[in-house]
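K.L.:
Coordinates for the following, if possible.
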Amino acid sequence: MSRLPHVCGLCLLLWLWQLLALAPFSYSRRRGARCRRLLTLSAVLRWLLLIGLAPLMLWKSAAMYDATNVRHSLIFKNIALAAMTGDVFVSLALLGAHLWHRRGLAKLLTGLALLHGKRKLGWCSTLLLWLKLLLSLYELLCNVPFLQAAGSRLPWTQLLAYSVQLYVQHVSSVYANGIFGGMLLLLASLDHLEQESPGVAKLLQRERRWLRLSTHFVARFQLGIFLLVIGYFVNILANMYAYMSYFVSQHGVPLTISNYCLIAAIQLYALILAAHLCQVRHAHLRQRCLEVAYLPPALNQQEMECSTTFPLVAPLDSLKFSVLGLFTLDHSFWLFLVSYAMNFIVIILQFSLENMKHSDY
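P.N.:
Take a look at the predicted model:
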């Protein structure tokens, strides 16, 4: 029973990836992930169908906001439609990228499945994974009040378009959960390596095997991570603008926008935090490899690293979550995003207060 939460969390994510065509292949414990022509053809047809329906879906969804309680605000409608369009584009791009690189993705997921068979998540990682899954479920359930309030007034075509839109938008959320679960699995493997006490040759061999899998993980998912980070951040800024505009003009707090900004910020920070911890823990493992290999009493750690010339006593590479060569997922990047968002808020408040002064005159 102690393994049940671990298996359910990661296996549930794999099942959701297959259900949403993020993993367009079959999987079995004996053979691993294998591409099948029928599954590939089905995923391609579904992707092409969603691309063809996207303009119609967005057009039908735009008419729904006339039935909401913010129909008097053009800002809310434009931002909601822009965020919806961005989410649909990101989800379709993720599906297309996974179809194109399905063989490499199948090989990577097979390696992660083998790693999961040997290294289980700890209870803390399992709790974080389930909390993130529940957060995504809460984000999906936040659409229920809108359907209850306006569903009776909407025609079936708009309800159908809204359902398809929720399906497409949820693809990016499931994708982010899968990336987060994979990072937690890599962290669990690092914890196990740090707690072991093998010989230096075995430790280096296992570290290189882990680094090879992690590098493949970063290379395969860097485009998706880029789209997620940009999509989340732009949506947060857009909804912050709508929030401040509503607060200044109506002197109220829009709970829907507040919930969305909070959920998106948590999703984005969880992704960056997991990547940052993977890099920090791998640096600690590299230092431990050096200590196990060669550390005379007369030398400190810095002197030992500078004077060691034997090429097999330490790992040669370090893990970096570099995304398309543009940025690295770590705490410094998160601080950059926070500072940019704070500057954006200050600019919005300044313009809003200036408009209020001019309107009073």
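K.L.:
CA only for contacts and neighbour counts going forward, please
P.N.:
Fine.
K.L.:
Give me the spatial nearest neighbour of residue 275, chain neighbours excluded.
P.N.:
Excluding the flanking residues, the one nearest residue 275 by Cα to Cα, 6 or more residues apart in numbering is residue 329, at 6.0 Å.
K.L.:
no wait, residue 33
P.N.:
Nearest to residue 33 is residue 27, by Cα to Cα, 6+ apart, at 4.2 Å.
K.L.:
Next one: the one you found from residue 133, what distance?
P.N.:
Residue 27 is 22 Å from residue 133, where distance means Cα to Cα, to the nearest Å.
K.L.:
Ok, residue 158 next?
P.N.:
Separation of residue 158 from residue 133 (Cα to Cα): 28 Å.
K.L.:
try residue 84
P.N.:
21 Å.
K.L.:
ok, now residue 195?
P.N.:
To residue 133, residue 195 is 29 Å away according to Cα to Cα.
K.L.:
Looking at those two, which is more packed in?
P.N.:
Comparing residue 195 with residue 133 by neighbour count (other Cα atoms under 10 Å), the higher total belongs to residue 133, at 21 against 8.
K.L.:
C-terminal to the helix or strand harbouring that one, what's the next element?
P.N.:
For residue 133, the host element (DSSP states H and E) is helix 123-141. Scanning forward in sequence from helix 123-141 by DSSP H and E, the next helix or strand is helix 144-150.
K.L.:
List the buried residues in whichever helix or strand comes after that following helix.
P.N.:
Downstream of helix 144-150, the next assigned helix or strand under DSSP H and E is helix 156-195. Neighbour-count burial for helix 156-195, counted by 16 or more other Cα atoms under 10 Å, picks out 158-159, 161-162, 164-166, 168-191, 193-194.
K.L.:
what is the orientation angle of helix 156-195 with helix 123-141?
P.N.:
Here helix 156-195 runs at an angle of 170 degrees relative to helix 123-141 (axes from the mean of the first three to the mean of the last three Cα atoms, to 10 degrees).
K.L.:
for helix 156-195, packing partners?
P.N.:
helix 4-19, helix 37-62, helix 74-100, helix 102-118, helix 123-141, helix 200-250, helix 255-293 (3 or more Cα pairs under 8 Å, 6 or more residues apart in numbering; DSSP states H and E).
K.L.:
Can you pull out the low-pLDDT segments for the stretch 1-150 of the chain?
P.N.:
Of all residues in the stretch 1-150 of the chain, those with pLDDT under 70 make up the ranges 1-8, 63-76, 149-150.
K.L.:
pretty sure residue 24 contacts residue 35?
P.N.:
Yes: because the distance of 7.2 Å satisfies Cα atoms under 8 Å, residue 24 is recorded as touching residue 35.
K.L.:
Between those two, point out the one with more neighbours.
P.N.:
residue 24 (30 against 17).
K.L.:
on that earlier part again, so how far is the helix holding residue 133 from its chain's centroid?
P.N.:
For helix 123-141, the separation from the chain centroid amounts to 13 Å (computed by Cα atoms, centre = their mean, to the nearest Å).
K.L.:
Looks like the residue nearest to residue 275 contacts residue 321 (just checking).
P.N.:
Yes: contact criterion Cα under 8 Å: residue 329 and residue 321 qualify, at 5.5 Å.
K.L.:
Common neighbours of the two, please.
P.N.:
Counting by Cα atoms under 8 Å, 6 or more residues apart in numbering, the shared contacts of residue 329 and residue 321 are residue 275.
K.L.:
how near is the nearest residue to residue 172 once chain neighbours are set aside to residue 165?
P.N.:
Leaving aside its sequence neighbours, residue 172 sits nearest to residue 91 (Cα to Cα, 6+ apart; 5.4 Å). Per Cα to Cα, residue 91 is found 10 Å from residue 165.
K.L.:
Give the burial count for residue 36, as a bare number.
P.N.:
Residues lying near residue 36 (other Cα under 10 Å) number 12.
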